[in-house]
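Trainee: Fold the following for me, if possible:
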Amino acid sequence: MAPITNAEPGTGRAALPLTPREWVADGVFPWPPIHALQDNDPVVACFYVQVAQLALTRQDKPYLRLQLSDRHGAVEARIWEDAERCAAIAREGGFVGIRGRVETYNGKRQLRVDQVAPVRVGPGDLELFMPRSHRAPEEMERELRSLLASIGDRPLRTLLERILDPATETGQRFRHAPAAKHNHHAYVGGLLEHTLSVAALCDFLARHYGTLVDRDLLLAGALLHDIGKVREIGIQPGFAYTDEGKLLGHILLGLQIVSDAARHVPDLPEERLLLLRHLIASHQGKYEWQSPREPRTLEALLLHHADDLDAKANQVMLLLRDVDRGWTEYDRAFSREFFRHRRSDEVPDAEPISEALVEEPAEARAGQETLDLFS
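Mentor: From the prediction side, this is the model:
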């Protein structure tokens, strides 16, 4: 497993690692997703090393367990030969090129690596290692603007626009950050995608349950419930937690962001701000889920369940993506497998729930009664 470099023989210059394109050479570039390949298919690709651990087989032979990631997501890999030397190459936080094959072990897709070497990754290559939302950014931007325009409470809308303005650092990071490091919406644009989906669910619930629901407050909470994640999770390969993310968490960071912005919206009533902050503080729902408070308003209860539903649904859909029909891999978070009963060619085209948002501006909504979905 000698590293492959682009050093010129006889020049005396230090060997430089290959770039991702040079490593792939005549292969498919960018390389295809692992879930699209079959057992024993060859793989020539590059990855970010999230986890690298030396372990022992039952025969006490060392092997290297890797968790790798690229723009398609994460995949487990194993190096069985020369593991200790390869551990010095495939270090956590680094980038590697691999040659190997797809295999399935205990029902789980992984890579058997035959060759590994460091690769040289420039700023223009980073997108190869960061999974990205399947939704078009301009489509999500239109949806976000539509949601903001539909909020009739002017001070609340001003607060939202101040925090989510794309010209601000917070607004920019909101559009690119992942919603989580693992599990659900763990990709560039995932936070915006998740937020819009939760807001769409909350819009549906406000219409379904009628006038007892404060739609403007609920929608504001939906749009800001995870805003602290712009500072909790780094927008870089592996989506590492920041220092303040580890020390404070996204809920406390979100409360801080909202409180700081509210100082510049003097006509926002203190009670209104308190109710909004309660939505953020309680959206995880349970103390054992690291929620500072449990939901104590109707809007907080609805937000918690919409958030939980969207996160879980996204996680299951990602599992289903890896099978054409039949059972998914076992998922430890759910402690079960899921059955895909329709093949991809049997699924009809359908608009996501977020496409059903109200399009008229807030002024056109003023004075209208909230309608029950079935009235």
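Trainee: So which residues of this structure form strands?
Mentor: 42-56, 62-70, 73-79, 95-105, 108-118, 326-327, 339-340 (DSSP state E).
Trainee: what packs against the last one?
Mentor: The reference is to strand 339-340. If you count contacts as 3 or more CB pairs under 8 Å, 6 or more residues apart in numbering; DSSP states H and E, strand 339-340 packs onto strand 326-327. All C-beta spots, glycine's among them, are computed from the backbone N, C-alpha and C.
Trainee: And the strand it packs on, what does it pack against?
Mentor: Under the contact criterion of 3+ CB pairs under 8 Å, 6+ apart, strand 326-327 touches strand 339-340.
Trainee: circling back: would you turn the strands of the chain into TSV with mean pLDDT?
Mentor: Output for the strands of the chain, formatted as TSV (pLDDT from 0 to 100):
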stretch	mean pLDDT
strand 42-56	95
strand 62-70	94
strand 73-79	91
strand 95-105	93
strand 108-118	92
strand 326-327	89
strand 339-340	92
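Trainee: Of those, give the one that comes closest to S282.
Mentor: Nearest of these to S282, taken as CB to CB: strand 73-79 at 30.5 Å.
Trainee: Could you tell me which residues within that closest one count as buried?
Mentor: 73-75, 77-79 (16 or more other CB atoms under 10 Å).
Trainee: Same list (the strands of the chain) but as CSV, adding distance to G124.
Mentor: Listed next are the strands of the chain as CSV, based on distance: least, CB to CB, whole Å:
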stretch, distance to G124
strand 42-56, 14
strand 62-70, 15
strand 73-79, 21
strand 95-105, 13
strand 108-118, 18
strand 326-327, 39
strand 339-340, 37
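Trainee: re the thing from before, out of the buried residues of strand 73-79, flag the one nearest to E329.
Mentor: V75 (11.5 Å).
Trainee: Spit out the contact partners of the nearest residue to the closest one once chain neighbours are set aside.
Mentor: Using CB to CB, 6 or more residues apart in numbering and skipping residues adjacent in sequence, the residue nearest V75 is I34, 4.9 Å away. I34 makes contact with 43, 72, 75, 102, 109, 111 under the criterion CB atoms under 8 Å, 6 or more residues apart in numbering.
Trainee: bridging residues for the fifth one?
Mentor: Residues in a beta bridge with R109, per DSSP bridges, are T104.
Trainee: Quick one: neighbours of it, just the number.
Mentor: R109 has 18 neighbours, counted by other CB atoms under 10 Å.
Trainee: What of the second one?
Mentor: Using other CB under 10 Å as the criterion, H72 is surrounded by 20 other residues.
Trainee: Going forward, the N-terminal residue is numbered 31.
Mentor: Taking 31 as the first residue, the last one we looked at is H102.
Trainee: you'd agree it is up against P63?
Mentor: Yes - using CB atoms under 8 Å, H102 is in contact with P63, at 3.7 Å.
Trainee: what's the domain layout of the chain?
Mentor: 50-158, 163-395 (automatic domain parsing).
Trainee: what angle sits between the longest helix seen in the chain and strand 103-109?
Mentor: Counting residues, the longest helix found in the chain (DSSP state H) is helix 328-351. Interaxial angle of helix 328-351 relative to strand 103-109 (axes from the mean of the first three to the mean of the last three CA atoms, to 10 degrees): 50 degrees.
Trainee: Which elements pack onto helix 328-351?
Mentor: Right, helix 328-351 is packed against helix 220-239, helix 245-254, helix 300-312 by 3+ CB pairs under 8 Å, 6+ apart.
Trainee: of all these, which lies closest to Q286?
Mentor: With CB to CB, the closest approach to Q286 among those belongs to helix 300-312: 10.2 Å.
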